[in-house]
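Peer 1: From the sequence below, what's the structure:
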Amino acid sequence: MLVLEDKKAVLIRPRHRDRFLKLMPTAKPVQYKGKDYVAVPHRMDEVRVLNNMGLEVPSPLVRTYNFPRSSKIPKPFDSQVNTASFLSINSRAFVLNDLGTGKTLAALWAFDYLQRRGEANKLLIISPLSTLERTWADEIFFNLNHLQYAVAHGSPKRRQAAFDKDVDVYIINHHGAKAKDVQEILAQRPDIDTVILDEIAQVARNRHEMWKAFNQILNGKIYRRCWGLTATPIPNEPPDAFQQIKLLCPDKVKGLYYKRFREMTMMQVSQFKWVSRDNALDIVDQHMQPAIRFRREDCIDLPATIYMTREVKLSAQQDKAYKLMLNKMYAEIQSGDITAVNEAVKAGKLVQIACGAVYDDGGTERYLDTKPRIDEVLDLLVQSDAKTIVFVPYRNAINMVADAIRAAGYTVGVIHGGVSKTERDKVFNAFQRMTNPHVIVAQPAAMSHGLTLTEASQIVWYAPVTSAEVYEQANGRITRPGQKHTPVIVNIEGTDIERRMYSRLKSKQKMQNILLELKTS
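Peer 2: The predicted model follows:
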């Protein structure tokens with residue numbers, strides 16, 4: 001099969017030529033370089049028919065679309081072009097590309113292309129709360145700024161106000177989309193004809209209220225185009241795929257129930273224990289179609305290291321403590337009690353609150369509810385195929401984070417200033433050479449220069465540090481020779497001071513006057 005861009009045609013050599021010409025009336029027999037072919041116009045209608053026949057023909061998007069993007073992106077990755085092409089052809093499809101392969105922007109490009117063709121009208125993006133602004137809204141703002149968007153998050157009144165806006169894209173979080181008021185709004189909005197369901201595996205894990213709500217959005221009285229995105233379609237076991245398939249492509253599991261799908265993919269070996277069958281992944285792959293998948297290690301044109309941001313709101317307990325501390329610091333700034341000498345220590349108290357472990361005025365250690373941030377760490381662990389290092393800047397929060405990760409079923413090594421060299425060496429050696437531990441939770445300053453931990457492909461910053469040198473050196477533990485994957489560095493933030501600190505860390509600036517800057521902004 002050849003795509004001749006200058007001729008706007010696809011050349012094919014079908015096995016049954018006469019039959020093919022009858023099925024494809026716009027096709028014509030031609031000769032090209034001395035060989036007989038059938039030429040098919042490279043148009044969307046013909047491409048969809050060819051793909052339905054099992055011929056993998058790229059969308060006209062690959063030669064006609066200009067891929068709008070910021071100056072920071074010189075050209076799309078090959079994985080993004082192929083993913084956008086695939087989505088433009090398929091009205092319902094799974095994107096299973098690894099974290100960091102650019103599937104967010106690829107899906108937006110596919111929608112933009114279809115909207116320009118008049119095939120799509122308005123887009124609804126349903127994603128985890130942490131990616132509403134810092135992933136989806138940012139990608140639109142910086143790369144497709146001709147598209148207008150509204151983030152529908154908060155109270156019913158705020159959600160209604162967002163949907164009342166005449167924009168191209170509406171962005172809402174998973175739990176917001178299942179709310180009764182949003183369900184009623186969407187039931188009356190046939191103009192919202194395309195949905196991107198980000199992290200579809202998270203939704204499918206909830207087989208009751210959330211799944212039913214999303215099924216109503218996608219398969220109710222309005223049947224919408226929908227693309228489901230996830231890097232981990234089977235986060236725990238093969239039957240995890242069933243609810244995703246039933247939601248997105250129900251015809252693929254027509255006549256099947258979850259119990260039967262589990263029996264097809266797993267075998268019961270005792271009253272309470274099931275194990276995967278040898279052909280389980282083949283069965284999942286057979287039913288989870290159409291789908292596209294790119295692994296990071298297969299994408300040779302990805303940047304050397306990928307940086308990502310996850311925005312996570314403070315818990316109510318953290319938010320109250322943060323505001324009280326911030327107001328106290330404002331008063332100290334006015335009185336002159338905060339100086340250049342002690343500013344870093346004072347700013348650190350705000351970051352400690354974000355970490356969830358603080359010391360009160362009497363020096364007693366107190367722990368705050370940090371469930372939103374811990375949940376984000378666990379989601380990132382699920383999405384990574386390789387090991388992960390979680391950096392926690394304060395020692396009093398390290399064990400809290402490590403315990404939460406262990407409770408989720410992961411093996412964890414802990415590194416901080418109080419861990420002996422002998423014990424550290426044992427953890428590092430096991431991390432590099434053995435199956436366990438799967439995660440290291442560490443104080444970044446305790447990770448020595450020159451240390452190689454390339455079994456990890458992901459670093460998660462639970463909160464920022466104050467030193468650009470420590471930040472750079474800590475990230476260098478996985479960005480070294482021997483790394484088999486494209487490293488991903490994820491910065492978790494939930495407060496204004498964290499955002500400003502990460503910004504300075506990335507540009508290698510010092511932290512002086514950060515509290516004053518926070519106050520005057």
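Peer 1: And the contacts of the longest helix along the chain?
Peer 2: Determined from DSSP state H, the single longest helix within the chain is helix 316-335. For helix 316-335, the surrounding residues in contact (C-beta atoms under 8 Å, 6 or more residues apart in numbering) are 313-314, 338, 346, 349-350, 353-354, 356, 358, 368-370, 494-495, 515-516, 518-519. (Each C-beta comes from the backbone N, C-alpha and C, glycine too.)
Peer 1: From the opening residue of stretch 118-130 to its closing one, how far?
Peer 2: One end of stretch 118-130 to the other measures 31 Å (C-alpha to C-alpha, to the nearest Å).
Peer 1: Show me where the stretch 301-450 of the chain has its helices.
Peer 2: 316-335, 343-355, 371-383, 395-407, 421-433 (DSSP state H, counting those that start in this stretch).
Peer 1: about what we covered before: weed out the non-buried ones from the contacts of helix 316-335.
Peer 2: 314, 338, 346, 349-350, 353-354, 356, 358, 368, 370, 494-495, 515, 518 (16 or more other C-beta atoms under 10 Å).
Peer 1: leaving aside the residues next to it on the chain, what's closest to Tyr37?
Peer 2: Leaving aside its sequence neighbours, Tyr37 sits nearest to Leu11 (C-beta to C-beta, 6 or more residues apart in numbering; 4.1 Å).
Peer 1: And that neighbour, how close does it get to Val3?
Peer 2: Note on Leu11: its distance to Val3, by C-beta to C-beta, to the nearest Å, is 8 Å.
Peer 1: Quick one: the helices in the stretch 51-200 of the chain, in order.
Peer 2: Counting by DSSP H, counting those that start in this stretch, the helices of the stretch 51-200 of the chain are 61-64, 78-89, 103-117, 138-143, 156-164, 174-177, 180-187, 200-205.
Peer 1: Any chance of a markdown table for those helices, columns distance to Val30, mean neighbour count and mean pLDDT?
Peer 2: Shown next, in a markdown table, are these (distance: least, C-beta to C-beta, whole Å; neighbours: other C-beta atoms under 10 Å; pLDDT from 0 to 100):
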| stretch | distance to Val30 | mean neighbour count | mean pLDDT |
| --- | --- | --- | --- |
| helix 61-64 | 19 | 17 | 94 |
| helix 78-89 | 24 | 24 | 96 |
| helix 103-117 | 27 | 23 | 97 |
| helix 138-143 | 39 | 18 | 94 |
| helix 156-164 | 51 | 15 | 97 |
| helix 174-177 | 50 | 20 | 93 |
| helix 180-187 | 48 | 16 | 96 |
| helix 200-205 | 43 | 22 | 78 |
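Peer 1: and the buried ones among the contacts of helix 316-335, which two are the farthest apart?
Peer 2: Using C-beta to C-beta, the two most remote members of those are Ile338 and Thr370, lying 26.1 Å apart.
Peer 1: hang on, isn't Glu46 packed against Thr26?
Peer 2: Yes. Under the criterion of C-beta atoms under 8 Å, Glu46 makes contact with Thr26 at 6.1 Å.
Peer 1: Between the two, which has more neighbouring residues?
Peer 2: Glu46 (18 against 12; other C-beta atoms under 10 Å).
Peer 1: Could you find the closest non-adjacent residue to the more buried one?
Peer 2: Going by C-beta to C-beta, 6+ apart, Glu46 has Val40 as its nearest residue, at 5.2 Å.
Peer 1: which residues does that neighbour form a beta bridge with?
Peer 2: Note on Val40: beta-bridge partners Val10, judged by DSSP bridges.
Peer 1: gap between it and Thr64?
Peer 2: 16 Å.
Peer 1: Ok, Lys178 next?
Peer 2: Distance from Lys178 to Thr64, by C-beta to C-beta: 38 Å.
Peer 1: can you check Leu324 too?
Peer 2: Leu324 is 57 Å from Thr64, by C-beta to C-beta.
Peer 1: Need the three-state assignment for Trp227.
Peer 2: Here Trp227 is recorded as strand under DSSP: H, G, I helix; E, B strand; the rest coil.
Peer 1: Just list the residues touching it, thanks.
Peer 2: Contacts of Trp227 by C-beta under 8 Å, 6+ apart are Leu87, Asn90, Arg92, Ala93, Phe94, Val95, Ala107, Ala110, Val195, Ile196, Leu197.
Peer 1: want to throw the residues you listed into CSV with distance to Gln383?
Peer 2: Shown next, in CSV, are those (distance: C-beta to C-beta, whole Å):
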residue, distance to Gln383
Leu87, 20
Asn90, 23
Arg92, 22
Ala93, 19
Phe94, 15
Val95, 13
Ala107, 16
Ala110, 21
Val195, 21
Ile196, 17
Leu197, 16
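Peer 1: Narrow these to those in strands?
Peer 2: Arg92, Ala93, Phe94, Val95, Val195, Ile196, Leu197 (DSSP state E).
Peer 1: And the residues you listed, which is closest to Phe77?
Peer 2: Phe77 has its nearest neighbour among the ones in strands among the contacts of Trp227 in Val95, at 13.6 Å by C-beta to C-beta.
Peer 1: Tell me how many other residues surround the closest one.
Peer 2: Residues near Val95, counting by other C-beta under 10 Å: 26.
Peer 1: what bits of the stretch 301-450 of the chain have low per-residue confidence?
Peer 2: Residue ranges of the stretch 301-450 of the chain with pLDDT under 70: 339-342, 448.
Peer 1: Name the nearest residue to Ile471, ignoring sequence neighbours.
Peer 2: For the record, residue 471 is Tyr, not Ile. Closest residue to Tyr471 apart from its sequence neighbours, by C-beta to C-beta, 6+ apart: Leu505 at 4.5 Å.
Peer 1: ok but the one you found is inside a strand, no?
Peer 2: No. In this structure, Leu505 is helix, not part of a strand, as judged by three-state DSSP.
Peer 1: That one: how many residues sit nearby?
Peer 2: Leu505 has 22 nearby residues by other C-beta under 10 Å.
Peer 1: Could you do Ala321 as well?
Peer 2: Using other C-beta under 10 Å: Ala321 sits among 21 other residues.
Peer 1: Show the contacting residues for the residue nearest to Lys506 when sequence neighbours are not counted.
Peer 2: In this structure, Lys506 finds its nearest non-sequential neighbour in Tyr307, 7.4 Å apart by C-beta to C-beta, 6+ apart. Residues counted as contacts of Tyr307 (C-beta under 8 Å, 6+ apart) are Val488, Ile489, Val490, Asn491, Lys506.
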